[in-house]
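Colleague: I need the structure of the sequence given here:
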Amino acid sequence: MKKIELKFENEQGRTVTVALDHPVEPVDEAAVNAAMDAILQENAFFSSGGDLVSKKSARIVERNVFDIAI
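Modeller: Numbers count the residues shown, from 1 in each chain. I've put the predicted structure just below:
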C-alpha cells in the first residue's frame, strides 16, 4: 500500500508526520506544496509539541508485505 507522508516541524522543533493513504500518482509537487501551505495557514492540525510552524518534507512510501508459509 502506498501513502503520502507530509512532514512538518512544530513549535518545539520536532517532526510531525501526516500520512494519507492512496496518493494520486503521478504526484503533483505544486499541489502537495500548496496543500502543505494551506495546512499551515489554517492551523489545521495540532501536535503535543504545539502548532505546526513549517514544512519539512513530503514523500511517497510504499510498504509490501508477503506472508511466508511455515
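
Colleague: tell me, how many neighbours does M36 end up with?
Modeller: 20 (other CB atoms under 10 Å). Any C-beta I mention is one placed from the backbone N, CA and C, and that applies to glycine too.

Colleague: Which parts of the helix or strand hosting it count as buried, going by neighbours?
Modeller: Taking DSSP states H and E as the definition, M36 sits inside helix 29-42. Buried residues in helix 29-42, defined by neighbour count with 16 or more other CB atoms under 10 Å: V32, A35, M36, I39, L40.

Colleague: try stretch 2-21
Modeller: Neighbour count says stretch 2-21 has I4, L6, K7, F8, E9, N10, V16, V18 buried, by 16+ other CB under 10 Å.

Colleague: ok, what's across the strand from the third one?
Modeller: Taking DSSP bridges, one finds T17, S57 as the beta-bridge partners of K7.

Colleague: Use 8 as the first number for this chain going forward.
Modeller: Understood, numbering begins at 8; the last thing we discussed is K14.

Colleague: Least confident secondary structure element in the protein?
Modeller: The weakest-scoring helix or strand in the chain, judged by mean pLDDT, DSSP states H and E, is strand 53-54 (a mean of 90).

Colleague: I would like the residues contacting that one, please.
Modeller: N17, R21, V23, L59 (CB atoms under 8 Å, 6 or more residues apart in numbering).

Colleague: Next one, pLDDT for the third one please.
Modeller: Residue-level confidence at V23 comes out at 97, pLDDT.

Colleague: Quick check, it in contact with E16.
Modeller: Yes: using CB atoms under 8 Å, V23 is in contact with E16, at 7.4 Å.

Colleague: what residues are shared contacts of those two?
Modeller: Joint contacts of V23 and E16 (CB under 8 Å, 6+ apart) are L59.

Colleague: quick revisit: with distance to P30 and pLDDT added, can I get the buried residues of helix 36-49 in CSV?
Modeller: Output for the buried residues of helix 36-49, formatted as CSV (distance: CB to CB, whole Å; pLDDT from 0 to 100):
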residue, distance to P30, pLDDT
V39, 9, 97
A42, 11, 97
M43, 13, 98
I46, 15, 97
L47, 19, 97
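
Colleague: Fine by me, thanks again.
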